[in-house]
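Chemist: Return atomic coordinates for the entry below.
(2 chains)
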2 protein chains.
Amino acid sequence: MALRLSTLFLRTLREDPVDAEVDSHKLLVRAGYIRRAAPGIYSWLPLGLTVLGKVERVVREEMNAIGGQEVHFPALLPREPYEATNRWTEYGENLFRLQDRKGSDYLLAPTHEEMFTLLVKDLYSSYKDLPVTLYQIQTKYRDEARPRAGLLRGREFVMKDSYSFSADDAGLDEAYLAHRGAYQRIFERLGLEMVIVRAQSGAMGGSRSEEFLYATPIGEDTFVRSEGGYAANVEAVTTVAPEPVDASATPAAHVEHTPDSPTIETLVDRSNELHPREEGEWTAADTLKNVLVAVSLPTGERRVVGVGVPGDRAVDLKRLEVSLGVALGAGGEVEVEQAQDSDLRSFPMLVKGYIGPGLSLDAPLLGEDSPTGIPYFVDPRVVEGSAWITGANLRDRHVFDLVMGRDFAADGVVEACEVREGDPAPDGSGPLSTARGIEMGHIFALGRKYAEALGLRVLDANGKLTTVTMGSYGVGVTRALAAVAEANHDEKGLIWPRHLTPADLHVVATGKGPEIMEGAEALVADLEAAGLEVLFDDRPKVSPGVKFGDAELLGVPTVLVVGRGFKDGTVELKDRRSGESREIPLDNAVAEAIAEVRAG
Amino acid sequence: MALRLSTLFLRTLREDPVDAEVDSHKLLVRAGYIRRAAPGIYSWLPLGLTVLGKVERVVREEMNAIGGQEVHFPALLPREPYEATNRWTEYGENLFRLQDRKGSDYLLAPTHEEMFTLLVKDLYSSYKDLPVTLYQIQTKYRDEARPRAGLLRGREFVMKDSYSFSADDAGLDEAYLAHRGAYQRIFERLGLEMVIVRAQSGAMGGSRSEEFLYATPIGEDTFVRSEGGYAANVEAVTTVAPEPVDASATPAAHVEHTPDSPTIETLVDRSNELHPREEGEWTAADTLKNVLVAVSLPTGERRVVGVGVPGDRAVDLKRLEVSLGVALGAGGEVEVEQAQDSDLRSFPMLVKGYIGPGLSLDAPLLGEDSPTGIPYFVDPRVVEGSAWITGANLRDRHVFDLVMGRDFAADGVVEACEVREGDPAPDGSGPLSTARGIEMGHIFALGRKYAEALGLRVLDANGKLTTVTMGSYGVGVTRALAAVAEANHDEKGLIWPRHLTPADLHVVATGKGPEIMEGAEALVADLEAAGLEVLFDDRPKVSPGVKFGDAELLGVPTVLVVGRGFKDGTVELKDRRSGESREIPLDNAVAEAIAEVRAG
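Modeler: Numbering: from 1, shown residues only, chains lettered A, B, ... in the order given. Alright, predicted model coming up:
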């Protein structure tokens, strides 16, 4: 039955909602597809729900095609499984937590690794039961700090999440690649061009992970790519380290007077002024900046850590977080911030603005074995043999020609610096440029982290217990719908792709006299009899201008106008995207409309 | 594509789950349709999700048929709208409450009256926009004190809830009756016989309300019905009050010595012993029991209230709660319990065991205008002119021939007593009998309570603002599925009705030799080509006994066995419900299977 605008629960709005920043948000609200219920929480109105159903169908079909079996888990889950994997804590403020009437802890699940793991553990016991891939299309929760951009970053949203369980690494590889293919097909069918970027897995743990990003300036994720095809999350970019340097000719380290030089800029000035070098000037790249950060571990412990980076590079705390999480063997995520005065009170020997790793290998001031015991890591650019100007741990003094490996050592190498436009791609595919995107999908080769934490083991072919290896894969379904709107609109409104539109055809009846409405009714009946979904603007007292405006806002790709020409036996067929329209004989209208709709 | 048991995510269980009390719960878990995630919270496995989808489709089709428009609201909702209607408090411990990272209050919605009201207020402004009926099929939350009986009483569950908005009472009537009809059709299609009972609306407010109960001894709701067709919730039964009595011949009230008679039993004994009446013995029905209860009002206030009931009747606190809520003008629900010693400390003049309403109209001890100020209500059986033996407010003393209206008065009449088997139905349709049932659906003519609280007004035909009148209607979708299982099983397992079964046909391949499996594969392909949904037991190393047992447990109504007879060109067609089976020629198998499935 046709959706009739005379009765459809829909009111289009002229004004953008005040809290809307991005076009998809503005248009989906103005066109009556969604409505805000609370920050980051939306209600779906009839047209929105129809489109959402079509997006879900695409996702479901592609998941079924790779052998995924659909299940459905609760959103309200007990704390215990999430405690076992430490995610109850790791999720921090992003997790909605609550208690039931008995005081037991619950959460609103942001993802379901734990529950799927436990379910498979419950039912399966042998390698012969595997592999299995389970998925659900389900409502998820995440207490975003800044729920903006409408459906693009909601606090209650629909996700397809799936989980693969395999007996061995080859099985996981296969499941991972199957999902990768399914996701490529899903986004292709949604008409969304994706950049697949290497990603760190953050709180999820795991070894291999890629994100499907929809590249757009309004995206909240920054990524880098090279012309040669490399693409990665900024957190996942590995630095191309220079070759080690032969330091045999480098003079011994020497401490120099560098008054009033607590910053890199003043240090470079003072060095050039008082200690010029023979060829060229000193630059920030010749200096080694030692940054002290405070690391909050998942255990709750707070530790001071030193990081040495070239003076011309800024520290990227997010990259450092990922890298330090691994370097400190912290398993999950750590939080990193600039060390505060309170953190440094126990280290009076450190002179602010003049901190160095020590004056020689025998006198380190940073490093696990140093008097401070502060672990010391360096950026990959601080290679063996490289010589630096760096703090001498004395006010107004720096040490020159301090050589890595000869005069100072590090506890490890970490990715500490920002990635810059023009940096080389790690795979040698050329210089990187930065872009912004929205994460639409994510695939993780989780490995055995969850299976180990929750004891998911099966008997292998030799009758021995072996830990199952898992993958976890997500598509933001409501977010995908918003991205489709973002990718398909103009200043007048939405323009849906054919297979996602709320109706095949938008029939507008306009003009005086009962015969036009009667003619339109008859035509709509014929169109529906021919199998088309029709949105019918049958409102009796609405002006043509309002009707056409609404048709443009609502975005059904083909508009059929029964109006002026009707008395001469013609109707008008309009293409919403191009704006082009043509008169066609009424007698041909059904055939032409079908041709238009089928043309895609 | 056939669901193959060799790969389907399913393991049947031999043992009943330890926490399961009712058959549907035991069987749905054992047959691998659902799995417990937490108390009252379940995961849906592939077969369960398929059946749930079919139940939802029935509900959706019938809602669409009465013009309902489907929308979808969030489950996570802000406190404010529920505060405006007082339900934030009224729901008490049944409501899951939580806070977001900013400390704002949220709830997990048990129903959505507030949000639908606000949405219609947002979009609509004229009587011409009405009527409209909106519905959703959505996940709801209720923190049940005792989540037992599996899906029959869950804490996370799926409901269809709908809301009608009308400009006038006639419109509400129409929407109410449309829903009543839709619900009758829904439950008929689900094969569930319903008793439609008059109901009180409890926390929902509202004037007219009926419940659709599935009558079963395991139901948690008690209801009463007469042979003449009356059916009601116990809370909704109104007492048939006797005619007023002519008391002109009744002697004046007189206080008598009734030592050691603080209970009705001892009072009757003492009265017959010391103050026998001329004809027959005194019975408990001649005494008036004055019960003091403590009423907790929605405002938080706790008030002592006196209730006078015939001595042969027990007080029903739940009925009294409903009735006192109205009598005290408390708007929403009140909570009633026996008054505690602490409640009565301020009333030293009341002598426990000998409390009476007062010795004459001039000396009341109970009633708003009495020295105690305790409001006093009576059961409808305490009619004008009726004479009673009741407490004299003196130890070991009762007053006889105390006449209602002559010697004592009440602030009002309340339904205070239990309903008993044999009591007359209020509509004169005969004596009542009690039964138990499960609430499957509920329809409420809400009226203007929510619209008033949230300011939903539209312009009427005269251009004046008028408050919209609403109805609210619910069907427990997951509960309905459980009821279908409850109504359709035997000791061996489930037996699905044709249109709710997870597959049309369960094909079991059993027997040695590759030709049987090959033959079964070919047959399954033919059956699917003919449009049938097939569950195919293709497990290679599972015994016939296990396969047949699983087929009985899973409950697909028709089982087709490819086994012994295959070499002679026959297969076996079994009816799960009757257990009957017959050999049919392999060549006819597809045609016969289709005939069987279509026969319904």
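Chemist: mind giving me the domain split of chain A?
Modeler: A:18-237+A:433-486, A:254-413, A:503-599 (automatic domain parsing).
Chemist: right, so of those, which gets closest to chain B?
Modeler: domain A:18-237+A:433-486 (3.7 Å; CB to the nearest CB). For the C-beta atoms, the positions are set from N, CA and C on the backbone; glycine is no exception.
Chemist: okay, the domains of chain A in CSV with distance to residue B:177, mean pLDDT and mean neighbour count next?
Modeler: Output for the domains of chain A, formatted as CSV (distance: least, CB to CB, whole Å; pLDDT from 0 to 100; neighbours: other CB atoms under 10 Å in any protein chain shown):
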stretch, distance to residue B:177, mean pLDDT, mean neighbour count
domain A:18-237+A:433-486, 24, 93, 20
domain A:254-413, 58, 91, 18
domain A:503-599, 26, 95, 18
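Chemist: possible to save the ones you listed as CSV with distance to chain B?
Modeler: Shown next, in CSV, are the domains of chain A (distance: least, CB to the nearest CB, whole Å):
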stretch, distance to chain B
domain A:18-237+A:433-486, 4
domain A:254-413, 15
domain A:503-599, 9
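Chemist: Could you export those domains to CSV, including columns for distance to residue B:579?
Modeler: Shown next, in CSV, are those (distance: least, CB to CB, whole Å):
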stretch, distance to residue B:579
domain A:18-237+A:433-486, 29
domain A:254-413, 56
domain A:503-599, 44
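Chemist: which residues touch the closest residue to residue A:402 other than its chain neighbours?
Modeler: Of all residues not flanking residue A:402 in the chain, residue A:253 sits nearest, at 4.6 Å (CB to CB, 6 or more residues apart in numbering or on different chains). Applying CB atoms under 8 Å, 6 or more residues apart in numbering or on different chains, one finds that residue A:253 lies in contact with A:359, A:360, A:399, A:400, A:401, A:402, A:403, A:407.
Chemist: before we move on, back to that, between the domains of chain A, which gets nearest to residue B:194?
Modeler: Across the domains of chain A, residue B:194 has its closest neighbour in domain A:18-237+A:433-486 (26.9 Å, CB to CB).
Chemist: For the stretch 451-600 of chain A, just list every one of the helices.
Modeler: A:477-487, A:514-529, A:544-554, A:589-599 (DSSP state H, counting those that start in this stretch).
Chemist: and what of the stretch 151-300 of chain A?
Modeler: Using DSSP H, counting those that start in this stretch, helices in the stretch 151-300 of chain A cover A:169-189, A:264-274.
Chemist: For the longest one, name the packing helices and strands.
Modeler: Secondary structure elements in contact with helix A:169-189, counted by 3 or more CB pairs under 8 Å, 6 or more residues apart in numbering or on different chains; DSSP states H and E, are helix A:46-65, strand A:156-166, strand A:194-198, strand A:208-215, strand A:432-447, strand A:469-476.
Chemist: got the angle between the last one and strand A:208-215?
Modeler: Read it as strand A:469-476. Relative orientation of strand A:469-476 versus strand A:208-215 (axes from the mean of the first three to the mean of the last three CA atoms, to 10 degrees): 10 degrees.
Chemist: one step back: turn the helices of the stretch 151-300 of chain A into TSV, columns for distance to residue B:471.
Modeler: Listed next are those as TSV, based on distance: least, CB to CB, whole Å:
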stretch	distance to residue B:471
helix A:169-189	41
helix A:264-274	71
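Chemist: ok, back up a step: any idea how far residue A:468 is from the residue nearest to residue A:402?
Modeler: Separation of residue A:253 from residue A:468 (CB to CB, to the nearest Å): 54 Å.
Chemist: same deal with residue A:81?
Modeler: Look at residue A:81 and residue A:468: by CB to CB, they are 16 Å apart.
Chemist: For residue A:530, which non-adjacent residue is spatially closest?
Modeler: Per CB to CB, 6+ apart, closest to residue A:530 is residue A:590, 5.3 Å.
Chemist: wait, the one you found sits on residue A:534?
Modeler: No: Residue A:590 lies out of contact with residue A:534 (CB atoms under 8 Å); the separation is 11.1 Å.
Chemist: didn't residue A:11 look like it was pressed against residue B:121?
Modeler: No: judged on CB under 8 Å, residue A:11 makes no contact with residue B:121 at a distance of 11.6 Å.
Chemist: Residue A:500: neighbour count?
Modeler: When neighbours are counted by other CB atoms under 10 Å in any protein chain shown, residue A:500 registers 24.
Chemist: Quick check: chain neighbours aside, which residue is closest to it?
Modeler: Take residue A:500 and drop its neighbours on the chain: the residue closest to it by CB to CB, 6+ apart is residue A:54, 5.0 Å away.
Chemist: wait, what's in contact with the closest residue in space to residue A:66 that isn't next to it in sequence?
Modeler: Using CB to CB, 6+ apart and skipping the chain neighbours, the partner closest in space to residue A:66 is residue A:178 (4.4 Å). If you count contacts by CB under 8 Å, 6+ apart, residue A:178 has them with A:66, A:67, A:133.
Chemist: Just to check, the last one is in contact with residue A:69?
Modeler: Yes: at 6.9 Å, residue A:133 and residue A:69 qualify as touching, with contact defined as CB under 8 Å.
Chemist: just to revisit the earlier point, common neighbours of residue A:590 and residue A:534, please.
Modeler: In contact with both residue A:590 and residue A:534: residue A:527, using CB under 8 Å, 6+ apart.
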